[in-house]
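Asker: here are the coordinates; sequence isn't available:
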């Protein structure tokens, strides 16, 4: 892949032979960011996983960033008022299902009560490919609507390993205090490690890196993190 002049200049400031601490990497990513917009800082974690294994869950980062998420809640009965009071952007049952079937997808997260999943499950081909399908593993299928929305508003994020065993997760913006980005990244990594499959052998985390949307990756020392 051919990179532009600004990227190459930023890459010169990264010692490719060095493994940085999270604190050092967070600071460096901020210093070398060159885009005219507020770039997202992403954590990339390469895991030792078999083809049959995956790592997926959610975590609440200590420092919020980004815009408020538009949350849709599939529910009925007394849960409708609970969802509205908790701050849901959209609340409904079959009316929302029909609307989505018609092509409407103007929301960021979907939550559903368990009794709605038989109907919501039929939206799998639509919501699944967009990562919007409610799932018990991400705590988006629950009767505790108030609790689920409170966590989403506090900054709960989902992580999932891809086919190559890598987890990519946004942990901040370059405009943030580097220490806050550092704390978000460390919190996310601890949760990823906590989801290590029981039958995973050897070193679980193979490599780490922080990068901004447009910038080069800054490699982080796994050994240093595990020692703290």
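Answerer: Nice, I can see it. All values reported here derive from a predicted model rather than from experimental measurement. Numbering: from 1, shown residues only.
Asker: What segments of this structure are strands?
Answerer: Counting by DSSP state E, the chain has strands at residues 40-47, 56-60, 71-74, 90-92, 109-112, 156-160, 166-173, 205-212, 218-220.
Asker: Give the pairing partners of the third one; include direction for each.
Answerer: The reference is to strand 71-74. Paired strands of strand 71-74, with direction, are strand 90-92 (parallel), strand 109-112 (parallel) (DSSP bridges).
Asker: Got phi/psi on residue 142?
Answerer: Dihedral pair for residue 142: phi -160, psi 150, per degrees, to the nearest 10.
Asker: my bad, should have said residue 65
Answerer: Given degrees, to the nearest 10, the pair of backbone angles that residue 65 has is phi -160, psi 160.
Asker: pretty sure it is touching residue 177, no?
Answerer: No: the criterion here is C-beta atoms under 8 Å, and residue 65 misses it with residue 177 at 10.9 Å. For glycine as for every other residue, the C-beta is placed from the backbone atoms N, C-alpha and C.
Asker: which of those two has more neighbours?
Answerer: A count of neighbours by other C-beta atoms under 10 Å puts residue 65 above the other of residue 65 and residue 177, at 19 against 13.
Asker: quick one: pLDDT of the more buried one?
Answerer: Here, the pLDDT recorded for residue 65 equals 83.
Asker: cool, and residue 1?
Answerer: 64.
Asker: Could you check how far the spatially closest residue to residue 143 that is not a sequence neighbour is from residue 126?
Answerer: Closest residue to residue 143 apart from its sequence neighbours, by C-beta to C-beta, 6 or more residues apart in numbering: residue 113 at 5.4 Å. Distance of residue 113 to residue 126, computed by C-beta to C-beta, to the nearest Å: 19 Å.
Asker: out of the two, which sits in the busier spot?
Answerer: The neighbour comparison of residue 113 against residue 126 (other C-beta under 10 Å) goes to residue 113, with 23 against 15.
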